[in-house]
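Trainee: Structure here, sequence nowhere to be found:
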């Protein structure tokens, strides 16, 4: 099955040599499921010719806000609507989660409660799990027809399901400890309050449920449920 990765941002330069860029992280996360991957750097206006260019789509995270004025966001939202209308499965992570919601009529805001960083407990589809978080923006009003299937104490709409057409997560199953540590070092200072960074550092030893979430994402693509 061919999965198209829509890359909406890049990992910090200082981390790429060791950890790769965002598409590399998803390729590692979903390894072993028989997927072939092709990446389009939509942040730099490299878009597929149509939603039929792949059998499923995965939208990455980004340092950008979906409500910001970037040239790639309107055509990305249009592409999402076209893919959903064409019944081609779409998965979104963090920024991807937010931009799917916004494209389909939801609302995303910078959360007044601040940042969520590091290993975080969620309740997703009836199960408690721990996944890494790195965000302040949140979906505050899901689109009509979306079902909230995951939340945390900090994030009311941490996972959304749109029937069998789209599935999205606010947390990052593709991020391991090294990525969170790197983001705290290279993007955190002066942006994320130090008390939030310190709290996250104290939780870095927690084991995450990324392998189980990888299985869930793979099943969504292959079984559409």
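Mentor: That came in fine, so what should we check first? A quick note: this is a predicted structure, and the numbers were derived from the prediction, not measured. Residues are numbered from 1 along each chain as shown.

Trainee: gap between the most centrally placed residue in the chain and residue 189?
Mentor: Of all residues in the chain, the one closest to the mean position by CA atoms, centre = their mean is residue 93, 1.1 Å from it. Distance of residue 93 to residue 189, given as CB to CB, to the nearest Å: 24 Å. C-beta here means a position set from N, CA and C on the backbone, and glycine is covered the same way.

Trainee: Same question for residue 53.
Mentor: Residue 53 is 39 Å from residue 189, by CB to CB.

Trainee: What of residue 140?
Mentor: 27 Å.

Trainee: Which of those two has more residues huddled nearby?
Mentor: When residue 140 and residue 189 are compared on other CB atoms under 10 Å, the one with more neighbours turns out to be residue 140, at 16 against 10.

Trainee: Packing partners of the helix or strand hosting the more buried one?
Mentor: Residue 140 belongs to strand 137-141 when elements are defined using DSSP states H and E. On a contact count with 3 or more CB pairs under 8 Å, 6 or more residues apart in numbering; DSSP states H and E, strand 137-141 meets helix 95-103, strand 107-110.

Trainee: Return the angle between stretch directions for that strand and helix 95-103.
Mentor: Inter-element angle recorded for strand 137-141 and helix 95-103: 30 degrees (by axes from the mean of the first three to the mean of the last three CA atoms, to 10 degrees).

Trainee: quick one: the strands in the protein?
Mentor: Taking DSSP state E to define them, one finds strands in the chain at 2-6, 36-40, 56-59, 90-93, 107-110, 116-124, 127-135, 137-141, 147-151, 159-162, 166-169.

Trainee: Give me the nearest residue to residue 171, chain neighbours excluded.
Mentor: residue 131 (3.8 Å; CB to CB, 6 or more residues apart in numbering).
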